[in-house]
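Peer 1: have a look; sequence and predicted model below, questions after that.
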Amino acid sequence: MTDPVLVVEGLNVGFPSKAGVVQAVSDVSFELHAGEVLAVVGESGSGKSVTALTLMRLHAKSTRISGRATFEGRDLLSLSDRDMRAVRGDEIAMIFQDPMTALNPVFSVGSQIIEAIRTHRDVSKQAARARAIELLDLVGVPEPRRRVDQFPHEYSGGMRQRAMIAMAIANEPKILIADEPTTALDVTVQAQVMEVLRDVQEATGSAMLLITHDLGLVAGAADRVQVMYASRLVETGGVDDIFYRSRNPYTRALLDSIPDLVSETDRLIPIPGNPPSLLNPPSGCPFRPRCSMASEVCADSVPLLETVGDGHSSRCHHADLLAVEATS
């Protein structure tokens, strides 16, 4: 595998509130390599999007952040605002979860793509407009010469998402962060959007951080997977490791809650209980109150993220007791 383009070490993110600090991300470390798709999955509130927004430095001034995020020898978390603006949208770009709110409704789609280009490239407005049309065509927006002058409300949901992708890849970034890129889209459009992302990644060689709760999407698109729960990474590994050799009860529970075409069952298997409060988390393992394998040791200490196989790690006191056979 190539040298990593991004190395995150011990990332912690907390949001001060009147009741205390909400610890949204706790001791998260990972690497992202050129050309790969690293998926981050987990329930809402697990810290997936906060991790991405922190890497892009799109957080409130009051946010408490520690750790390192090294991109090509530079720590993104310690760059000046001016230096970070030069990186954001150029070398690292993000596709946001809701394109209708991410796109400015009073400017045409084309003008927003043109702005993204000219902010980082010394080109004329005419050249940037030609590039915008080329990008809209690349991501599959029909009639790009006409659509470039239309406003976001004149685009369908799928086309708005494609426009967001066009804006994100305008400067051929080395890292593309896709935060729930197929949310609220129907299955057919989801497949089209993911195909566009794969084509773009293949053409540019960029690395992709894919944030999603859709495990089906992960199975078809990712090279490696990270599972988050209650602000922490609880399991990391290749796609086959996570889907067929999982060594973490939470990952197993996520997989068991998904319907499939093979098992004969009348009911889905939900995960009992609710995610813990990030303001007042339970003692020990945060998944303990919902875990069928919980024991006394689980209440005493938070388990470490330990290696359980080649490129496969799990945060569980009982990882060695979990069978390695294929997960149904």
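Peer 2: All right, it came through fine. What you are looking at is a predicted structure, and each value in this text was computed from that prediction instead of being measured.
Peer 1: check which helix or strand covers L6.
Peer 2: Using DSSP states H and E, L6 falls within strand 4-17.
Peer 1: in terms of secondary structure, what does that strand contact?
Peer 2: strand 20-33, helix 48-55, strand 64-71 (3 or more CB pairs under 8 Å, 6 or more residues apart in numbering; DSSP states H and E). Any C-beta I mention is one placed from the backbone N, CA and C, and that applies to glycine too.
Peer 1: list the strands paired with that strand, with their directions.
Peer 2: Next to strand 4-17 in the sheet, as set by DSSP bridges, lie strand 20-33 (antiparallel), strand 64-71 (antiparallel).
Peer 1: how about TSV for those, with mean neighbour count, distance to G216 and mean pLDDT added?
Peer 2: Shown next, in TSV, are the strands paired with strand 4-17 (neighbours: other CB atoms under 10 Å; distance: least, CB to CB, whole Å; pLDDT from 0 to 100):
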stretch	mean neighbour count	distance to G216	mean pLDDT
strand 20-33	18	22	95
strand 64-71	16	29	96
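Peer 1: make JSON lines out of those strands and add distance to L11.
Peer 2: Putting the strands paired with strand 4-17 into JSON lines (distance: least, CB to CB, whole Å) gives the following:
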{"stretch": "strand 20-33", "distance to L11": "4"}
{"stretch": "strand 64-71", "distance to L11": "4"}
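Peer 1: of all those strands, which lies closest to L304?
Peer 2: L304 lies closest to strand 20-33 among the strands paired with strand 4-17, at 9.8 Å (CB to CB).
Peer 1: rewinding a little: ok, residues contacting the strand holding L6?
Peer 2: With contacts defined as CB atoms under 8 Å, 6 or more residues apart in numbering, strand 4-17 is touched by 21-34, 47, 50-51, 54-55, 59-60, 62-72, 174-175, 207, 279.
Peer 1: how near is the residue nearest the centre of the chain to D149?
Peer 2: In the chain, the C-alpha nearest the mean C-alpha coordinate belongs to I211, at 2.2 Å (CA atoms, centre = their mean). Per CB to CB, to the nearest Å, I211 is found 32 Å from D149.
Peer 1: swap in V106?
Peer 2: 14 Å.
Peer 1: more neighbours: which of those two?
Peer 2: D149 (13 against 7; other CB atoms under 10 Å).
Peer 1: surely that one is in contact with Q112?
Peer 2: No: if you go by CB atoms under 8 Å, D149 and Q112 don't touch, sitting 11.6 Å apart.
Peer 1: point out where the stretch 151-300 of the chain drops to low pLDDT.
Peer 2: Low-confidence segments of the stretch 151-300 of the chain (pLDDT under 70): 184, 261.
Peer 1: tell me which stretches of the stretch 151-300 of the chain form helices.
Peer 2: Under the criterion DSSP state H, counting those that start in this stretch, helices of the stretch 151-300 of the chain are mapped to 157-168, 187-204, 215-221, 239-244, 249-256, 296-300.
Peer 1: quick one: the fifth one to chain centroid distance?
Peer 2: This points to helix 249-256. Put simply, helix 249-256 sits 19 Å off its chain's centre (CA atoms, centre = their mean, to the nearest Å).
Peer 1: average model confidence for the host helix or strand of M94?
Peer 2: Secondary structure from DSSP H and E places M94 in strand 92-95. Across strand 92-95, the average pLDDT comes to 93.
Peer 1: what's in contact with the very next helix or strand once past it?
Peer 2: Remark: after strand 92-95, the chain's next helix or strand is helix 99-102, criterion DSSP H and E. Residues outside helix 99-102 that contact it (CB under 8 Å, 6+ apart): 96, 152, 157, 160-161, 163-164.
Peer 1: what's the closest of the residues you listed to V227?
Peer 2: Distances from V227 to these, taken by CB to CB, are shortest for F96, at 22.4 Å.
Peer 1: in space, what's closest to that closest one - neighbours in sequence excluded?
Peer 2: Spatially, and ignoring its direct neighbours in sequence, F96 is nearest to A102 (3.9 Å; CB to CB, 6 or more residues apart in numbering).
Peer 1: number of residues surrounding that neighbour?
Peer 2: Neighbour count for A102, taken as other CB under 10 Å: 18.
Peer 1: report the distance from the helix or strand hosting R82 to the chain centre.
Peer 2: In this structure, R82 sits in helix 81-87 according to DSSP H and E. Chain-centre distance of helix 81-87: 21 Å, with CA atoms, centre = their mean.
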